[in-house]
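Novice: Show me how the following folds:
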Amino acid sequence: MAQVLKLFAMWFLLCGAGAVQAQILTPEDGIWWNPAEPGRGFQIETQNGVMVLGTYAFDVGGNPQWYLSAGTYDPATRTFTGNMDGFRGGQCIGCPFRPGAAAGGAGPVTIRFTTGVTATLTAGGATIPIQRLDYNYALPDGIVFG
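Specialist: Numbering: from 1, shown residues only. Below you'll find the model as predicted:
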């Protein structure tokens, strides 16, 4: 009987640990965007609690503008915070090397993840709903199968 109780206790602890683990949210790495506003996108990558956000957008004159942000991702609040550092110029494909130049930043950026594939990005005075771009899955559960 004591052995059965020990096994039940171990099973209960393992199930409980799984429930706690399920509450921790890890956003999916990849390309994110707002489908209602194509032409701007975000590359999100997380490693060891550090999130990097690459942003491709345009300035007010329609010129391409790149931003790079790095900061912490807090799984307890599901929030990333960083600063958007801007860059222009730089290397083109097939051209001799030319480093990019700092082009002024867009200030602080915050991303609040609601799920692993949806979030709200706040930067430059705007709040933008974003989602992970799924570009090759015909069925909703297709991502599970790769």
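Novice: so what pLDDT did residue 58 get?
Specialist: pLDDT recorded at residue 58 is 87.
Novice: Residue 42 too?
Specialist: You'll see residue 42 listed with a pLDDT of 97.
Novice: Show the contacting residues for it.
Specialist: 31, 32, 33, 53, 54, 55, 56, 121, 130 (C-beta atoms under 8 Å, 6 or more residues apart in numbering). Yep, even glycine has a C-beta here, placed from its N, CA and C like the rest.
Novice: ok, 7 Å please
Specialist: 32, 33, 53, 54, 55, 121, 130 (C-beta atoms under 7 Å, 6 or more residues apart in numbering).
Novice: Buried ones from those residues, can you make that a ChimeraX selection?
Specialist: A single ChimeraX command selects the buried members of these (16 or more other C-beta atoms under 10 Å):
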select :32,33,53,55,121,130
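Novice: The contacts of residue 42 in helices, which ones?
Specialist: Applying DSSP state H to the contacts of residue 42, no entry is found in helices.
Novice: and of the contacts of residue 42, the nearest to residue 110?
Specialist: residue 121 (7.4 Å; C-beta to C-beta).
Novice: That closest one is in contact with residue 113, isn't it?
Specialist: No: Residue 121 is not in contact with residue 113 according to C-beta atoms under 7 Å; the separation is 9.9 Å.
Novice: partners of residue 44 in the sheet?
Specialist: Counting by DSSP bridges, residue 44 is bridged to residue 30, residue 53.
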